Structures are given as structure tokens and as C-alpha cells.
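Participant: Build the 3D model from these lines:
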Amino acid sequence: MYFKTPVFLLVLLTGAPIYAQTTDSTSLSVVADDTGGATRKSKTKAALLSLLVPGLGQTYAGASGRARIFFVTEGVTWAGFTMLRTYGGWRADDYRVYAADHAGVTLAGQDDTFFRNIGAFSSNEVFNFQQQLIQGSRARLYTGTHTWAWDAETSRKAYLDIRQSSRRADTRSVYLIGFALVTRIVSAIDAVRGIDTRGASTSSFHLFFPPNGAVWLTAGVAF
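Facilitator: Okay, the predicted model is just below:
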């Protein structure tokens, strides 16, 4: 069977208000209020701690409510990264096996360019013909073990769907690395401001995965 469905398990340790909403797309919203003040401490240390692990700077500053939101966000981010990488790997295995079954592909020794090209052409003969028309004698042709011929156009399209789902998962996992970096910057700024600020504040994050494969992120700290 070529299609696997991963099981997602997210355990959120609560202690501050957390709000999440799930629709046809995937989204995560986290909000935390903190009314505790912080004593005068080192801004540099607070920033460095937050850059190391989001939330540590808030803990150092005495803002336990905001620390929790950053800890939860960090945990969910890396859980999501692991989940997407695992799923992308499953789907990569699926499209390779599918190509072997429906296009006669020899899997050993093939690179990503080969797997991209077999999704664009019905056979290596069609690919070779096009390349000879465009590049003439300089054309690099697929021969020997680098050949394929799809048993049906529907099979080629199904292969593309599986491959695209694998690449989409990998791309989103890269976005989550960027999200982790943004979280560190926001946490560092928040921790430094927390050194100077007393009174209530609110931190919020929203991570949204629309169906088109994009990733939207909003993050904010209100004092």
C-alpha cells in the first residue's frame, strides 16, 4: 500500500491560557497573559537565554506566564518538524516504489533529477527525443538502467501527487526551522523588555498551514 497516514500526538503542558482552532487547514494559536513584574536583572543574559531556548529569558526575568507560552511554542514547533520530516520520508518511499511498479524504474543509483523527470515525461524515449531536438548532440539521454515507461497517464499523475505531497511536507519542515528562529528573536525581545516592564502583558503566536502549501505566521507581544 502506497499511502500512509501519520499519527500526530501533541502534548501541551498548560499553566497559561491556550487556545487552538482546527479547520480544513492546520492552525495553531497560543496566547498567554502575565501579570507578574520582573526585578532588575541583566538584559544581555535574558536575551541570550531566550536565543538559546525561547522562554528561558522570561523565566530568568520572572515572567512565568510568558515563559510557558514560549516553551509550548518551541515544543510544538519541533514536534511539527519531526512529524513533517517523517511524513515526507514516508511519501518519498511511496513514490519511488510506485514508480518501480508502474513505470519499470530501477531504483538503485537514481538521483532526484531523475525522479523529477519521470514525472514530467511518459517515457525516457519521449524525454530523449525532446532533448535531442533542443540540444542536438549535446543532449544527455537516459539509457540502460535509467529508463522508464508509464503503464498509463493516470499512473504518472498519481505519481506526481505522491511526490508533491512528499516535497510539500519537506518544504513546510524548513518553514518551521524559520519559525523557530523567529520565535527566538521574539522571545529575546520580549525578555529584554520584561526586564524594564512591570504589569500585565500578553504574548501570542499563530501558525497557519493553508491547503495551498504556504505557511503563515503571526507573533506578538503586547504590554
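
Participant: can you pull the buried residues of the host helix or strand of residue 114?
Facilitator: Secondary structure from DSSP states H and E places residue 114 in helix 112-120. Neighbour counts over helix 112-120 (16 or more other C-beta atoms under 10 Å) mark 114-115, 117-119 as buried. The C-beta positions use only the backbone N, C-alpha and C, and glycine is treated the same way.

Participant: Also stretch 74-83?
Facilitator: Residues 74-77, 79-81, 83 are the ones in stretch 74-83 that count as buried (16+ other C-beta under 10 Å).

Participant: Farthest-apart pair in the buried residues of helix 112-120, please.
Facilitator: Using C-beta to C-beta, these span at most 10.0 Å, a distance reached by 114 and 119.

Participant: Give the residues shared as contacts by the two.
Facilitator: By C-beta atoms under 8 Å, 6 or more residues apart in numbering, residue 114 and residue 119 have no common neighbours.

Participant: and stretch 147-167, C-alpha only, in CSV?
Facilitator: Extracted in CSV, the C-alpha atoms of stretch 147-167 (Å, rounded to 0.1, in the frame of the first residue of the first chain):
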residue,chain,number,x,y,z
THR,A,147,14.8,4.2,-18.3
TRP,A,148,11.1,4.2,-17.7
ALA,A,149,7.7,3.9,-19.4
TRP,A,150,4.5,4.6,-17.5
ASP,A,151,1.8,2.0,-17.9
ALA,A,152,-0.9,4.7,-18.0
GLU,A,153,-1.2,8.5,-17.9
THR,A,154,-3.2,8.2,-14.7
SER,A,155,-0.3,6.4,-13.1
ARG,A,156,2.0,9.2,-13.9
LYS,A,157,-0.4,11.7,-12.4
ALA,A,158,-0.8,9.6,-9.3
TYR,A,159,3.0,9.5,-9.0
LEU,A,160,3.2,13.3,-9.2
ASP,A,161,0.6,13.7,-6.5
ILE,A,162,2.6,11.4,-4.1
ARG,A,163,5.8,13.1,-4.9
GLN,A,164,4.3,16.6,-4.4
SER,A,165,3.0,15.6,-1.0
SER,A,166,6.5,14.5,0.0
ARG,A,167,8.1,17.7,-1.2
